[in-house]
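A.B. asks: here is a sequence with its predicted model. Questions after.
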Amino acid sequence: MNSLLNIPLASLKQGENKLNFELQPHALDLQPREVAENPSFEFFVGPMNVALRIIRSGLRLMVTGSVSYRARLECAMCACEYEYDFDEPLAAEFLSCDDEAEESGGKTDCEERGGLRGNWLDLLPMVRDAIHLAVPIAPRCRPDCRGLCPSCGADLNREHCRCVTANTPGVRRGSRPS
């Protein structure tokens, strides 16, 4: 796959390189319901911004930056849909494995330290991992979300439910006894 995040090593000068991309999720082959482990992760909303700082020092590449995006989530407590802005850090170090390193027996050392093969720096896996790891397993629309009444389904953030608990006569679920 040819992606903007697949960067030719020859285009990176020694020292600092700054790269900024505004990408649509489909450009990164990201789909609705992308995070299969978290079915509440619904959709990306709008473009993704990827800001990278790549420092090249000899055969070493230090990548730092962030991926920012907005996603539509479903609250695990009250089932309402809401949008959330993510700004996730990116950081990795790469070592370019050249032919000289392979000939001098440094091949295994290079591979063990996350070495790069070929002439491209593919940052798509790093960006995808940051997106997947950022999505909470049980997102909440707000920290104090009270959820739904398990009996009648009333949204306890908006109303008091009218269910009477079996253990405490006269006390309604979702309300606090005085």
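C.D. replies: Looks like it arrived, so ask away. Numbering: from 1, shown residues only.

A.B. asks: where does the spatially closest residue to residue 157 that is not a sequence neighbour land on pLDDT?
C.D. replies: In space, and not counting its chain neighbours, residue 157 is closest to residue 146: 5.4 Å by Cβ to Cβ, 6 or more residues apart in numbering. For the C-beta atoms, the positions are set from N, CA and C on the backbone; glycine is no exception. Residue 146 carries a pLDDT value of 92.

A.B. asks: gap between residue 146 and residue 73?
C.D. replies: Using Cβ to Cβ, to the nearest Å, we find residue 146 at a distance of 18 Å from residue 73.

A.B. asks: can you check residue 145 too?
C.D. replies: Separation of residue 145 from residue 73 (Cβ to Cβ): 12 Å.

A.B. asks: repeat for residue 85
C.D. replies: According to Cβ to Cβ, residue 85 stands 11 Å off from residue 73.

A.B. asks: looking at those two, which is more packed in?
C.D. replies: Counted by other Cβ atoms under 10 Å, residue 85 and residue 73 do not tie: residue 73 has more neighbours, with 20 against 10.

A.B. asks: helices or strands up against whichever strand or helix holds the more buried one?
C.D. replies: Element membership of residue 73, judged by DSSP states H and E, is strand 60-74. Judged by 3 or more Cβ pairs under 8 Å, 6 or more residues apart in numbering; DSSP states H and E, strand 60-74 is in contact with strand 41-57, strand 81-96, helix 124-134.

A.B. asks: now the ones you listed as CSV including mean pLDDT and distance to residue 163?
C.D. replies: CSV is the format used below for the helices and strands packed on strand 60-74 (pLDDT from 0 to 100; distance: least, Cβ to Cβ, whole Å):
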stretch, mean pLDDT, distance to residue 163
strand 41-57, 87, 30
strand 81-96, 93, 25
helix 124-134, 87, 36
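
A.B. asks: nearest to residue 15, out of the ones you listed?
C.D. replies: Closest approach to residue 15 among these is made by strand 41-57 (6.6 Å; Cβ to Cβ).

A.B. asks: which residues of the protein score low on pLDDT?
C.D. replies: Scanning the chain with the threshold set as pLDDT under 70 gives 1-2, 29-42, 98-115, 117, 164-178.

A.B. asks: can you do 80?
C.D. replies: Counting by pLDDT under 80, the ranges of the chain that qualify are 1-3, 25-43, 96-118, 162, 164-178.

A.B. asks: tell me the spacing between the residue nearest the centre of it and residue 118.
C.D. replies: In the chain, the residue lying closest to the centroid (Cα atoms, centre = their mean) is residue 131, at 1.6 Å. Counting by Cβ to Cβ, the separation of residue 131 from residue 118 is 25 Å.

A.B. asks: now swap in residue 44 and tell me
C.D. replies: Residue 44 sits 30 Å away from residue 118, going by Cβ to Cβ.
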